[in-house]
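Engineer: prediction below, plus the sequence it came from.
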Amino acid sequence: MAIVFVVVGFIGSCAQDIPQKDIPSVVLNAFMTTYPQATDVEWELKLNVYNVDFEIGKTDHEAWYDASGKILKHKEDIKINALPVAVSEAVKKEFPNYKLDDADKIEENGNVFYLIELDGTPNDRILHVSPDGKILENKIDY
């Protein structure tokens, strides 16, 4: 039983939810300027990086900021049918026996790629695909 408490304590210490009033003004201002229509905003702090989950309309978003307010990464859920044609075609060509399950558009360090989750046999897969359809990463989803 003591092991369970130690593990739970460790997991909880990796990231902590923080109220918006405790977000540094430079970070909060950067976020509010970039995403003024954000709703359902939830903040978390992990290893000096501010992570914010939010919605714009009915679309889920997630963004990461450093302490200076610089955005490090942005993830946006997108519908499968909203993927660029080059991305959809490349995935269907390379993985014809898999079903496209979920997609996210990721912007990081000035680069854009799509995170695609595939359902299939023998294993589900996670792909990173460039906007022009190049498979950048192909991993088994355990």
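Structural biologist: Nice, thanks for sending it over.
Engineer: ok, now how distant is residue 115 from residue 74?
Structural biologist: Between residue 115 and residue 74 the distance is 12 Å, computed by C-beta to C-beta, to the nearest Å. C-beta coordinates here come from the backbone N, C-alpha and C atoms, glycine included.
Engineer: and for residue 105?
Structural biologist: Taking C-beta to C-beta as the measure, residue 105 and residue 74 are separated by 8 Å.
Engineer: before we move on, back to that, need the overlap of contacts for residue 115 and residue 74.
Structural biologist: Shared between the contact lists of residue 115 and residue 74 (criterion: C-beta atoms under 8 Å, 6 or more residues apart in numbering) are residues residue 106.
Engineer: for residue 67, give its distance to residue 27.
Structural biologist: Between residue 67 and residue 27 the computed distance is 7 Å (C-beta to C-beta).
Engineer: any common contacting residues for those two?
Structural biologist: The contact lists of residue 67 and residue 27 share residue 50, where a contact means C-beta under 8 Å, 6+ apart.
Engineer: more neighbours: which of these two?
Structural biologist: residue 27 (20 against 12; other C-beta atoms under 10 Å).
Engineer: is it fair to say that one lies in a strand?
Structural biologist: No - counting by DSSP: H, G, I helix; E, B strand; the rest coil, residue 27 is located in no strand; its state is helix.
Engineer: correct me, but it touches residue 65?
Structural biologist: Yes - using C-beta atoms under 8 Å, residue 27 makes contact with residue 65 at a distance of 4.9 Å.
Engineer: what do these two both touch?
Structural biologist: Applying C-beta under 8 Å, 6+ apart, one finds that residue 27 and residue 65 are jointly contacted by residue 50.
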